[in-house]
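S.K.: Generate coordinates for the sequence data below:
(2 chains)
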Amino acid sequence: MAEYINLDPQYSASVESFFNSSPEAEVSLEFIIPEKDFNVAGKGSAEVKNLLKRLGIDPEILRRVAVASYEAEINVAAHSRGGKMVSDVYDELIHISFIDEGPGIKDIAQAMQPGFSTADDLVREMGFGAGLGLPNIKKNSDWMKLTSEYGQHTNLEFIIFFE
Amino acid sequence: MNNAENKYFHAIQILADNCTGCTACVRVCPTEAIRVRNRKAYIDPNRCIDCGNCVSTCQFHAIIPKSDPLDIINRFKYKVAIISSSYAGQFSEDISYGVAKQALYELGFDEVAEEAMVTDFMITMIREYIRANREKRPILSSNCPAVVRLIQVKFPSLLPNLFHQEAPMSILTRYLREKIAAERDLNEDELGIFLIVPCVAHVTAVHQPEGAYKHLQDGAFSIGMIYGKVREHLKKFQNNPAAIETFEKGLTWALSGVQAELVDTDDIRALSVNGIENVIEILSRVEDHYLDQYDYVVLRSCTNGCVGGCLNVENPFVAMSRIKKMIKDAPLKDINVNPLDELKKEGEFDVAPLSPRSIMELDPDIKKAIQKMKKINEFLIMLPGLNCSACGSPTCYALAEDIVHGKASIDDCVVLLKRHSKEEDSDDDL
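M.R.: Reported below is the predicted structural model:
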């Protein structure tokens, strides 16, 4: 099982205490992401953004959540056999996780390289597959963890703080 | 709610006597501003953006546009009409634009000007503005008042991206005010300037302009109403047209696609979007910086742009085709824009920074908002998820939110009521 973790150092204590206390989410949203259905992919992140707008989250934070979750949603649609997106809202942060049905990532370090892509022709035709998805998620989140084993599924989760 | 009731002017009126409570309007409102309570529709003035969807949808003549009655022009010594570009598309092709314009003098106007006269000046002004504000990408067009209000209520973070200069008809108004008052030695209150407009949002913008520093117009008349009144005069001029100057080349303003093409140039990439649902989708993507490759986005609430406004009489596609033909056939014309440039330098066309009218937050305090959202979700689980609007709220989610805000009750759900009564019936059977 290969793993990639990125953490903004200023949040290391907050992230640690979040996982240690494992609080119950205040509000949760779940979305099914069907394989290669680009009409549906993006709806989940749009819903999450709308939810956060209603909570009065700062627009810049909102944008980061929207970008990171959209990229991740498209990744699941483009590269996996489908999966789901679970968004959990807490008082100070949002935790979003994406679990797919495989086939897993061959080389995680390579996948994190900006510009690297395994997107097939269909995906590229749809205007995706520039190899910026994962780097964008990394850039816009305060903590992210990508776990995968080739032949198994991939799990991506990230946290963005509201302040 | 009551103290906010009069804060915003709206050019939409509900005739309660005609309203059947059918909820058709509730379902087409893009900002979820309408509710039916006690079998009557009610518009939340904080949420309404005057897009006119409800006006076009109501089959019972219960939601009607408010525009000014023509006789208000008689309060002024000198009366000027400015016609919106979509006016040109309303007439059958045997009637020339010149005749349609000439007939307006018969209604009592002393002078008739066209929005189309300042189109070239606007295009130059928009390009200069984009080049001077490169750090904001993309610049969003601001002359559709429904779009401006949509951004205020739903996308307040994009307010700085709006083109912060007056719209063409207001630019023309400022210019004519100065020019005519000087030429004819008139006081401010002797000169009446009126717009002939294609939509309710423009009526609202005349009565409550956003960001305006100066006195603009004195009233707004619906194209439909004016059309009804000029018809009888058309025949007479058709046989005997006067030599009247028209500015067909500038009619592009009525068509959102054509306007974007004009702004688009080597260093400016423009995108054109029309129809309120499309506008909402695009703004959401602008918000996430997914459309930063564009320098300018033309946004119009109505289908095809202003030709789609609910106060027009002709179908938006037919009107567009006619206007395109007129633009194609018209000769190029040089308009002296020096006086406009002068006024621009003096800051006459500046607009104050627009402020939000945000309706999105459940509560100013995030923690309280989260608790409200939790409650909304609790109600949402109980509701059937049909989004049938029979309760009078647009969706089950909206009803859940209304319940949490104390504006509705779970008993308003017709489907639940039916289910409960069935359960009671079956209890009785036992």
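S.K.: Go ahead and confirm residue B:49 touches residue B:153.
M.R.: Yes. A contact is recorded between residue B:49 and residue B:153 when judged using C-beta atoms under 8 Å, the distance being 6.2 Å. Where C-beta positions appear, they are placed from N, C-alpha and C, glycine not excepted.
S.K.: quick one: common contacting residues for the two?
M.R.: Taking C-beta atoms under 8 Å, 6 or more residues apart in numbering or on different chains as the criterion, residue B:49 and residue B:153 both touch residue B:31.
S.K.: Neighbour count: the two, which is higher?
M.R.: For residue B:49 and residue B:153, the more surrounded residue by other C-beta atoms under 10 Å in any protein chain shown is residue B:49, and the numbers stand at 28 against 19.
S.K.: Tell me how far that one lies from chain A.
M.R.: Counting by C-beta to the nearest C-beta, to the nearest Å, the gap from residue B:49 to chain A is 16 Å.
S.K.: Next: residue B:192.
M.R.: Here residue B:192 is placed at a distance of 42 Å from chain A (C-beta to the nearest C-beta).
S.K.: as a whole number, average confidence for stretch B:331-340?
M.R.: In this model, stretch B:331-340 has an average pLDDT of 83.
S.K.: do the same with stretch B:307-314
M.R.: For stretch B:307-314, mean pLDDT rounds to 96.
S.K.: what does that stretch contact?
M.R.: Around stretch B:307-314, the neighbours that count as contacts under C-beta under 8 Å, 6+ apart are B:52, B:55-56, B:65, B:67, B:86, B:89-90, B:197-203, B:222-225, B:227, B:254-255, B:274-275, B:300, B:302, B:316, B:319-320, B:322-323.
S.K.: hmm, 6 Å instead?
M.R.: The set of residues external to stretch B:307-314 that reach it, using C-beta atoms under 6 Å, 6 or more residues apart in numbering or on different chains, is B:52, B:55-56, B:65, B:86, B:89-90, B:198-199, B:222-224, B:227, B:254, B:302, B:316, B:319-320.
S.K.: Tell me how many other residues surround the residue of the stretch 201-350 of chain B found nearest chain A.
M.R.: With C-beta to the nearest C-beta, the shortest gap between the stretch 201-350 of chain B and chain A falls at residue B:288, namely 4.4 Å. Using other C-beta under 10 Å, residue B:288 is surrounded by 19 other residues.
S.K.: need the contact list for it.
M.R.: When contacts are counted by C-beta under 6 Å, 6+ apart, residue B:288 is found next to A:63, A:66-67.
S.K.: mind listing what's buried in stretch B:244-257?
M.R.: Applying a neighbour-count criterion of 16 or more other C-beta atoms under 10 Å in any protein chain shown, one finds B:246-257 buried in stretch B:244-257.
S.K.: Contacts for that stretch next, please.
M.R.: Residues outside stretch B:244-257 that contact it (C-beta under 6 Å, 6+ apart) are B:85-86, B:88, B:97-98, B:101-102, B:114-117, B:119, B:258-259, B:262, B:272, B:274, B:298, B:300, B:305-307, B:320, B:323, B:326-327, B:330.
S.K.: go on, stretch A:88-106?
M.R.: Here stretch A:88-106 makes contact (C-beta under 6 Å, 6+ apart) with A:25-28, A:69, A:72, A:76, A:80-87, A:111, A:148-162, B:367.
S.K.: Whichever residue of the stretch 251-400 of chain B sits closest to chain A: neighbour count?
M.R.: With distances taken as C-beta to the nearest C-beta, the stretch 251-400 of chain B approaches chain A most closely at residue B:361, which sits 3.7 Å away. The burial metric for residue B:361, expressed as a neighbour count using other C-beta under 10 Å, is 17.
S.K.: give me every residue that touches it.
M.R.: Taking C-beta under 6 Å, 6+ apart as the criterion, residue B:361 is in contact with residue A:56.
S.K.: In terms of helices and strands, where is it?
M.R.: Under the criterion DSSP states H and E, no helix or strand holds residue B:361.
S.K.: Now find how far off-centre stretch B:161-175 is within its chain.
M.R.: For stretch B:161-175, the separation from the chain centroid amounts to 15 Å (computed by C-alpha atoms, centre = their mean, to the nearest Å).
S.K.: is that stretch up against chain A anywhere?
M.R.: No. No part of stretch B:161-175 sits close enough to chain A to count as contact by C-beta under 6 Å from any C-beta of the partner chain; the gap is at least 11.8 Å.
S.K.: Need the contact partners of that stretch.
M.R.: Identification of contacts with stretch B:161-175 by C-beta under 6 Å, 6+ apart yields B:82, B:113, B:115, B:118, B:122, B:129, B:136, B:139-143, B:193, B:195, B:216-217, B:340, B:348-349, B:351.
S.K.: Equivalent analysis for stretch B:276-284, please.
M.R.: Where contact means C-beta under 6 Å, 6+ apart, the residues beyond stretch B:276-284 that reach it are B:30, B:51, B:155, B:273, B:299, B:301.
S.K.: Compare the residues you listed and tell me which is most surrounded.
M.R.: Neighbours were tallied for each of those (criterion: other C-beta under 10 Å), and the maximum of 33 neighbours falls on residue B:301.
S.K.: How about the residues of chain A by chain B?
M.R.: Taking C-beta under 6 Å from any C-beta, the part of chain A that reaches chain B is made up of A:26-27, A:53-56, A:59, A:63, A:66-67, A:91.
S.K.: go again using 10 Å as the cut-off
M.R.: Residues of chain A lying close to chain B (C-beta under 10 Å from any C-beta of the partner chain) are A:25-29, A:42, A:45-46, A:49-60, A:62-67, A:69-70, A:89-92, A:162-163.
S.K.: how about the helices in chain A?
M.R.: Under the criterion DSSP state H, chain A contains helices at A:12-21, A:43-54, A:59-79, A:108-111, A:121-125, A:133-140.
S.K.: Which parts of the stretch 151-300 of chain B are strands?
M.R.: Applying DSSP state E, counting those that start in this stretch to the stretch 151-300 of chain B gives strands spanning B:191-197, B:219-222, B:270-274, B:296-300.
S.K.: What strands flank the longest one, and is each parallel or antiparallel?
M.R.: Same thing as strand B:191-197. Sheet pairing of strand B:191-197 (DSSP bridges) gives strand B:78-83 (parallel), strand B:219-222 (parallel).
S.K.: Run the chain-centre distance for that strand.
M.R.: Relative to its chain's centre, strand B:191-197 lies at 17 Å (C-alpha atoms, centre = their mean).
S.K.: same check, this time on stretch B:249-256
M.R.: Stretch B:249-256 has its C-alpha centroid displaced from the chain centroid by 16 Å (C-alpha atoms, centre = their mean).
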